[in-house]
Each structure stands twice: as C-alpha cells, then as structure tokens.
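*Asks:* quick one, what's the 3D model for this:
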Amino acid sequence: MSEGEWFVYMLRCCDGSLYTGICKDLQRRVDEHNRDNKKAAKYTRVRRPVELVYYEHCESRSGAASRECEIKGFSRVVKEGMVFSR
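*Replies:* Numbers count the residues shown, from 1 in each chain. Just a heads-up that it's a prediction; the model follows:
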C-alpha cells in the first residue's frame, strides 16, 4: 500500500530566514503557513508572509522526514545553494 506523494520543502520568511518542513499538499501547506494561526508552524506565524522557494518529491513520509532532518543539518550557505540551483 502506497502512502502517496510526500514533499520536503523550504520557505523563505519575511525576515529572510528559511523554514524546512514536510507535507502531502504543498499549496495547502503554504497557505496554512501564511493564513492559519492554528495550523501554521509557530516559527512561521510571526514571520509572515512566507514564500515557497524549494521542494523535493519523496516516496514516503519516512523518506520526507529523513530528508527534512538532513536539510535542517545543512549550513545556511548550502540551503541557499539548493534554493538558487532550482
């Protein structure tokens, strides 16, 4: 049984910082980060608006979570390189 398509994504916040997360529906999740005070991450609620600047497809939730953890460990320079190479 397939879990469906998952994504790992990065958002650029209004203060220039980058936020990394995972989801199944990118547009819905970006909208939540920008508009929903209950579903948005605490980090992005006070750094609105946010803009989707990077994403990758993943085959499973566990694959997306592993990649998210890996990306969160990267330096800012590496993350910015990922954004600009896309």
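*Asks:* for the rest of this, base every contact and every neighbour count on C-alpha atoms.
*Replies:* Will do.
*Asks:* which parts of this protein are helices?
*Replies:* Using DSSP state H, the helices of the chain run over 26-35, 42-45, 61-72, 76-85.
*Asks:* looking at these, which is closest to Glu5?
*Replies:* Closest of the helices of the chain to Glu5 is helix 61-72, at 8.3 Å (criterion: CA to CA).
*Asks:* using PDB, write out the CA atom coordinates for the closest one.
*Replies:* Extracted C-alpha coordinates of helix 61-72, given in PDB (Å, rounded to 0.1, in the frame of the first residue of the first chain):
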ATOM      1  CA  ARG A  61       6.500  10.100   4.900                       C
ATOM      2  CA  SER A  62       9.600   8.500   6.400                       C
ATOM      3  CA  GLY A  63      11.700   9.400   3.400                       C
ATOM      4  CA  ALA A  64      10.400  13.000   3.600                       C
ATOM      5  CA  ALA A  65      11.100  13.200   7.300                       C
ATOM      6  CA  SER A  66      14.700  11.800   6.800                       C
ATOM      7  CA  ARG A  67      15.400  14.300   4.100                       C
ATOM      8  CA  GLU A  68      14.000  17.100   6.200                       C
ATOM      9  CA  CYS A  69      16.300  16.200   9.100                       C
ATOM     10  CA  GLU A  70      19.200  16.100   6.700                       C
ATOM     11  CA  ILE A  71      18.400  19.500   5.200                       C
ATOM     12  CA  LYS A  72      17.900  21.100   8.700                       C
END
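*Asks:* next, the angle helix 76-85 makes with that helix.
*Replies:* Using axes from the mean of the first three to the mean of the last three CA atoms, to 10 degrees, the direction of helix 61-72 lies 120 degrees away from that of helix 76-85.
*Asks:* distance check, the closest residue to Ala65 other than its chain neighbours against Glu80.
*Replies:* By the measure of CA to CA, 6 or more residues apart in numbering, the closest residue to Ala65 outside its immediate chain neighbours is Ile22, 6.7 Å from it. Distance, Ile22 to Glu80, by CA to CA, to the nearest Å: 18 Å.
*Asks:* more neighbours: which of the two?
*Replies:* Ile22 (23 against 14; other CA atoms under 10 Å).
*Asks:* pretty sure the more buried one is touching Cys69, no?
*Replies:* No. Ile22 is not in contact with Cys69 according to CA atoms under 8 Å; the separation is 10.1 Å.
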